[in-house]
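J.: My questions are about this predicted structure, shown below with the sequence.
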Amino acid sequence: MDKILIIGAGGQIGVELTLALRQVYGRNNVIATDIREEHPLLKEDNGPFRHLDVMDFKEVAKMVAQENITQVYLLAAILSATGESKPVWAWDINMQSLLNVLEICRENKVKKFYWPSSIAAFGPNTPKQDTPQHTIIEPVTVYGISKYAGELWCRYYFQRYGLDIRSLRYPGLISWKSAPGGGTTDYAIDIYIEALKKKQFTCFLSEDTYLPMMYMNDAIRGTIELMEAPAEQIKNRMAYNLSAMSFSPKEIAAAIRKHIPDFTIDYAPDYRQQIAASWPQSIDDSEARADWGWQHEFDMDKITIDMLANLKKKLAL
Ligand code: NAD
Ligand code: SER
């Protein structure tokens with residue numbers, strides 16, 4: 001029987017991934033942990049939750065050993081926008097957390113390890129359209145540098161110690177259940193909330209900033225499919241490119257206007273514009289599709305319908 005540990009389970013991805021993994025493995029076999037208080041949706045689910053700081057090597061090692069953990073998902077990280085405000089701190093958290101957990105997985109012979117990378121691993125010299133799996137990388141944000149370095153460490157632990165590590169370069173993720181944690185793509189969530197609340201949104205990116213994006217439902221399903229795939233199908237032990245769609249703020253505003261005709265948007269680009277401008281505009285994920293059968297389901301119009309309906313209920317509007 002597999003026993004799963006999720007570190008950073010209270011974040012945008014962690015809440016939904018915990019709930020989805022509990023459906024597959026059983027509630028009591030998925031331990032959610034975070035330095036934050038338990039998220040209300042996890043509390044409601046009534047599964048195991050523990051306070052755990054990933055920087056505390058001894059405590060993480062103790063939990064993995066005492067709970068006989070067989071799979072670890074490491075989601076704790078400092079995202080792109082927050083990372084640029086405190087680069088050395090962000091580097092420390094993003095790298096030390098990964099090194100701690102890789103070592104603990106090795107020492108405890110953990111069967112599988114998941115750690116997400118990002119489109120932020122790419123930089124301004126990377127081809128912007130249909131960015132290939134293998135290409136010029138050269139990230140320029142501290143977050144992106146930590147993602148690319150992390151991918152290399154993951155491959156190192158796979159090659160040197162045989163740790164079954166799997167990873168995805170997520171695009172910007174759009175969701176409504178748990179709030180995003182300080183990324184450059186967060187505008188694509190805020191826009192729906194403000195459209196419903198005020199019918200007006202001031203975007204921190206310029207109108208034609210194209211970025212790769214994905215709905216959380218697809219990202220969660222893709223993550224679990226990657227982790228369930230037979231090991232021989234996982235030919236990439238750094239991180240797979242993963243893609244669904246790309247759009248600009250102007251285009252998402254037009255999609256919202258189909259449902260809220262008097263919605264207006266204006267633009268006040270800030271420091272996050274430079275981060276976005278260093279990233280790809282669209283991603284070639286043909287290796288993920290060929291190796292383990294990745295397929296996305298949600299496009300921008302389907303996301304818009306789902307986001308507006310669910311946020312309307314959640315915000316009681
Ligand atoms: P998030 O910021 O929403 O969640 C991170 C969680 O980690 C938070 O609940 C936070 O409290 C917790 N955490 C922070 N420091 C910790 C520590 N020392 N010990 C334990 N927990 C700690 O982030 P997310 O959006 O859920 O992202 C999860 C992972 O996915 C990250 O590695 C991120 O880089 C990656 N990713 C996210 C996106 C996205 O669009 N959300 C895109 C690409 C990659
Ligand atoms: N969504 C993330 C961010 O904007 C990308 O990894 O930081």
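T.: Received it, and whenever you're ready, just let me know what you need. Ligands and ions are numbered 1, 2, ... in the order given.
J.: tell me which residues in stretch 227-246 are buried?
T.: Judged by neighbour count using 16 or more other CB atoms under 10 Å, the buried positions of stretch 227-246 are 227, 234, 236-246. C-beta coordinates here come from the backbone N, C-alpha and C atoms, glycine included.
J.: In TSV, list the residues you listed along with distance to Ala268.
T.: Below are those laid out as TSV (distance: CB to CB, whole Å):
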residue	distance to Ala268
Met227	40
Ile234	43
Asn236	39
Arg237	42
Met238	36
Ala239	33
Tyr240	35
Asn241	31
Leu242	30
Ser243	29
Ala244	27
Met245	25
Ser246	22
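J.: out of the residues you listed, who's near ligand 2?
T.: Residues of the buried residues of stretch 227-246 in contact with ligand 2 (CB under 6 Å from any ligand atom): none.
J.: now the residue of the chain most remote from its centre: how far from ligand 1?
T.: Note on the chain: the largest C-alpha distance from the chain mean falls to Asp262, namely 32.1 Å (CA atoms, centre = their mean). To ligand 1, Asp262 is 29 Å away according to CB to the nearest ligand atom, to the nearest Å.
J.: close enough to count as contact, that residue and Lys199?
T.: Yes - with contact defined as CB atoms under 8 Å, Asp262 reaches Lys199; the gap is 5.6 Å.
J.: Break down the stretch 201-317 of the chain into its helices, ranges please.
T.: Ranges of helices in the stretch 201-317 of the chain, per DSSP state H, counting those that start in this stretch, are 216-228, 249-257, 271-277, 286-292, 300-314.
J.: Of the ones you listed, which is nearest Ile4?
T.: helix 216-228 (9.5 Å; CB to CB).
J.: is that closest one anywhere near ligand 1?
T.: No - between helix 216-228 and ligand 1, judged by CB under 6 Å from any ligand atom, nothing touches; the nearest distance is 8.0 Å.
J.: any residues touching that helix, and which ones?
T.: Contact with helix 216-228 is made by 12-13, 16-17, 20-21, 24, 71, 112, 114, 116, 166, 168, 170, 173-175, 177, 234, 240, 242, 244, 288, 292-294, 296-298, 306, as judged by CB atoms under 8 Å, 6 or more residues apart in numbering.
J.: likewise stretch 77-88?
T.: With CB under 8 Å, 6+ apart, stretch 77-88 has contacts from 8, 89-91, 93-94, 97, 116, 118, 120, 141-144, 146, 180-184, 186, 271-272, 275.
J.: Within reach of ligand 2, which of the residues you listed are there?
T.: Ser118, Ala120, Tyr143, Gly183, Thr184.
J.: near ligand 2, which residues of the stretch 1-150 of the chain?
T.: Leu79, Ser80, Ser118, Ala120, Tyr143.
J.: Could you provide the residues you listed in CSV, with additional columns for neighbour count, secondary structure and pLDDT?
T.: Listed next are those as CSV, based on neighbours: other CB atoms under 10 Å; DSSP: H, G, I helix; E, B strand; the rest coil; pLDDT from 0 to 100:
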residue, neighbour count, secondary structure, pLDDT
Leu79, 22, coil, 98
Ser80, 28, helix, 97
Ser118, 30, strand, 98
Ala120, 31, helix, 98
Tyr143, 26, helix, 98
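J.: Right, I'll leave it there.
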